[in-house]
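Peer 1: fold the following and give me the result.
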Amino acid sequence: MRRFAILGNRAMSQGKLPLNDMAGGAGRMDVLVRALMAGLLTSHGIRHDTEVILHLMGGPGPSRRIKFVGSLLKGVHAEERAVGGQIAKILKEPTPARGHWVERSAGIFDSGGDIQHTLSEWDGVNIVRLEADAPRLWKDDCKLPINGKPHSRHEGEHGNFTVHGLDIGFLLSDDKPMEIDVECAHRSLGSQWLQGHLAIAVCHFLLDQGMPLNLGQS
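Peer 2: Just a heads-up that it's a prediction; the model follows:
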C-alpha cells in the first residue's frame, strides 16, 4: 500500500469552502487538492493501491482528516474544482470524533484528529518524511531498472482489491514547514524543494519502477 499524509497547516476544517478562492480564503486548499490528485490519479484511472489523507488544521473548530481510498473510490475526476467540491460537501458536516472514520461517499472517509492519530493508525508501515536536506530516498549508485517491478500492486475488482508488496507512508506539508516530531526515515528526492504534488509524482515513479529504496531510519 502507498499512503500519503498531507498537512494543511491553514486549510479550513469546517464551513463553506470558497471554491473560487481555494488558494486564499480556504487556506491553500489548492495545494492539498493538487497533492490529492497526484497521489490518486493516473492519466486514465485511479491508483487502487494508494490512499491519501488530507489533514485540515486551519479551523474553525478542531482539526479534521479526510481520507481517500483508491480501491473504493468512484466519481473522482482530474479537475481541481470538482475535487474541491467533494471536499466542500464534507466540510458542511460536523467533524466526527477523533479516530472515528465516517464514510461520506464511496471511498471518501471523514474523521477528527491530527497527524499523530494517522501515524498511530499506520502501525507497521515504513514511514518517510520528505525533506530536501536529507539522504536520498533511493539507494546510492542504483540505476533505473530496464524492466521495472513495482513495489506494490493490486488484484481483484473494484471494492474488493487485494494489495500486495511494500507498505509505505509519506509525510508532506503544504507551503509551510512541517513542524512535527516523529521517529521515521527522513529522505529527499533531490536538493531542490519540490512542490508537494510533484514530489508525490516522483515517489510514484520510483515505486512504479521498483527502484531500490533507502528506508533505514536516519
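
Peer 1: CA atoms for contacts and neighbours, from now on please.
Peer 2: Fine.

Peer 1: regarding Met12, what are the backbone dihedral angles?
Peer 2: Note on Met12: backbone dihedrals following degrees, to the nearest 10 are phi -60, psi 140.

Peer 1: and it, what does it touch?
Peer 2: Met12 is in contact with 26-27, 29, 56-60, counting by CA atoms under 8 Å, 6 or more residues apart in numbering.

Peer 1: and for Leu32?
Peer 2: Listed by CA under 8 Å, 6+ apart, the contact partners of Leu32 are 6-8, 54, 174.

Peer 1: assign it to helix, strand or coil.
Peer 2: Classification of Leu32 into helix, strand or coil gives helix, according to DSSP: H, G, I helix; E, B strand; the rest coil.

Peer 1: and the gap between it and Asp167?
Peer 2: Counting by CA to CA, to the nearest Å, the separation of Leu32 from Asp167 is 22 Å.

Peer 1: sorry, back to before: can you pick out the most distant pair from the contacts of Leu32?
Peer 2: Checked with CA to CA, the contacts of Leu32 reach their widest spread between Leu54 and Asp174, with 10.3 Å between them.

Peer 1: quick one, which of the two is more surrounded?
Peer 2: Under the criterion of other CA atoms under 10 Å, the comparison of Leu54 against Asp174 puts Leu54 first, with 26 against 22.

Peer 1: check for me that Ala201 belongs to a strand.
Peer 2: No - assignment of Ala201 by three-state DSSP gives helix, placing it outside any strand.

Peer 1: please enumerate residues in contact with the lowest-mean-pLDDT helix or strand in the chain?
Peer 2: Ranking every helix and strand in the chain by mean pLDDT, DSSP states H and E puts strand 152-157 at the bottom, with a mean of 82. With contact meaning CA under 8 Å, 6+ apart, strand 152-157 is reached by 1-2, 48-49, 161-167, 207-208.

Peer 1: phi, psi of Leu213?
Peer 2: Recorded main-chain torsions at Leu213 are phi -110, psi 150, according to degrees, to the nearest 10.

Peer 1: still on that earlier bit, shared neighbours of Leu54 and Asp174, anything?
Peer 2: Counting by CA under 8 Å, 6+ apart, the contacts common to Leu54 and Asp174 are 6-8, 32.

Peer 1: in helices only, show me those residues.
Peer 2: Applying DSSP state H to the shared contacts of Leu54 and Asp174, the entries found in helices are Leu32.
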